[in-house]
Structure formats: C-alpha cells, structure tokens
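J.: Please work out how this folds:
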Amino acid sequence: MKFKLAAVAVAVFVLSGCEVEKTQSGELPSVDVDVSADSGRLPEYDVDWASVDIGTTTETITVPKVVVVMEEEEVEVPYMDLNMPDEQGEKSKRSIVVEAEIRGNMQELEIDKVYAKDRRLIVVSRLNKMDETLDGRTVRISDRIVINAPDLDVQHIIVGDRPKGDWNNQYTFVRNEAALQARLEGASQIYSN
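T.: Numbers count the residues shown, from 1 in each chain. Below is the predicted model of the structure:
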C-alpha cells in the first residue's frame, strides 16, 4: 500500500511540472469469466516539458580592475640599526612598508615616527590630502624605512581619515594627535622624520 502511494506521489510530482495533452482515447480490456481476454489499448499522450531559453543578459556588477603598475626605482630611504638591550640574537635587514589605496584626491603618505614598546615597533605615519584630483582612478601610495634589527612585531598607526576600500583595513587609523597619544602610552620614540 505504501509503495502504491509513493508511486502516485512521484507521478503527481513529475507531471505537475509539465503540460500533458491527450492524443488518443484509451480502452480497457474486456474480460471473460473463463479467463480469456481481448487485448486492450492504453491511452497515448504527448508530454511537453517546460521550455528553457538560454542566452545572455547585461547586468551592472562590480569587477576588480588593475590599480597601478609598480615599477622598481632606486630611492633614498631612512635606515635604522636597532640594538636591543640584553639581545644576543641575530639581526636582519628588512623594509617596513606602509601603503594606502586612495581615490578622490591625491594624498601623501609618510612615515613620521617609530616607537618601541616591549618587543614591538609602532610605526606612525601621516596621510595628508593634496589638491590634485584622481579623476575616478584608484592609486596606491606608500612609504618605507629599512631597519636592521632582531625579529620584532610591527604595528602601523596612520594619522588621517581612513580611505574607502578593503586594502586599508590592515592598518589602525586615528583622526588626531590626542587619539594617537593614548595608543603610545609607555612607548619610547626611536625615530623621527
């Protein structure tokens, strides 16, 4: 009984998504008591399934674009040789880079000061707007210093308004000096531009 109900349910489900047109009448077989039977004829149907049109449509979406072409260029960068007290480990030379992705007006990004606290360097940069407009372009700006020091954690704080875009989420932005000073409590300044 359960099998018959399941078969009927499947048939109803399959046939509900299509249009069925009867093309010929059906006839049940005639049955004689002595168990002889005339052959019957089942009805015939044409089944039209849902039609599907495949093509393209035009939609407005956001797509990534190349931001800027980076070129190698020799420039003078600040250099610090750090000697930590009671540190006997190896030092290594590395660049500390701060970058921002901007649009709207051109801006200048400059590493202003570096502070030390525990086993961490706090790099303070400034982001200043300029008058030049970018005419809808997005550009990446950067500044760097080179240090020769043991492996230390580096935290970046940028004084200025956070530009829009996910790229800039990797840094801490503060609006003014008062907000900056609260983050530098107990740190010693080791570099000034």
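J.: pretty sure residue 162 is in a strand, no?
T.: No. Counting by DSSP: H, G, I helix; E, B strand; the rest coil, one finds residue 162 to be coil, located in no strand.
J.: how much space between it and residue 27?
T.: Separation of residue 162 from residue 27 (CB to CB, to the nearest Å): 81 Å. C-beta coordinates here come from the backbone N, C-alpha and C atoms, glycine included.
J.: try residue 158
T.: For residue 158, the distance to residue 27 - CB to CB - is 87 Å.
J.: who's more crowded, the two?
T.: residue 158 (23 against 12; other CB atoms under 10 Å).
J.: Now do the contacts for the more buried one.
T.: 98, 100, 109, 124-127, 171-174 (CB atoms under 8 Å, 6 or more residues apart in numbering).
J.: can you map out the strands along this protein?
T.: Taking DSSP state E as the test, the strands found in the chain are 18-24, 44-49, 79-81, 92-117, 120-149, 153-159, 172-174, 188-192.
J.: Now do the buried residues in the last one.
T.: When neighbours are counted by 16 or more other CB atoms under 10 Å, the buried residues of strand 188-192 are found to be residue 191.
J.: Export the strands of the chain as a markdown table, with columns for distance to residue 166 and mean pLDDT.
T.: Shown next, in a markdown table, are those (distance: least, CB to CB, whole Å; pLDDT from 0 to 100):
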| stretch | distance to residue 166 | mean pLDDT |
| --- | --- | --- |
| strand 18-24 | 47 | 66 |
| strand 44-49 | 45 | 62 |
| strand 79-81 | 30 | 80 |
| strand 92-117 | 8 | 89 |
| strand 120-149 | 12 | 88 |
| strand 153-159 | 15 | 92 |
| strand 172-174 | 14 | 92 |
| strand 188-192 | 29 | 85 |
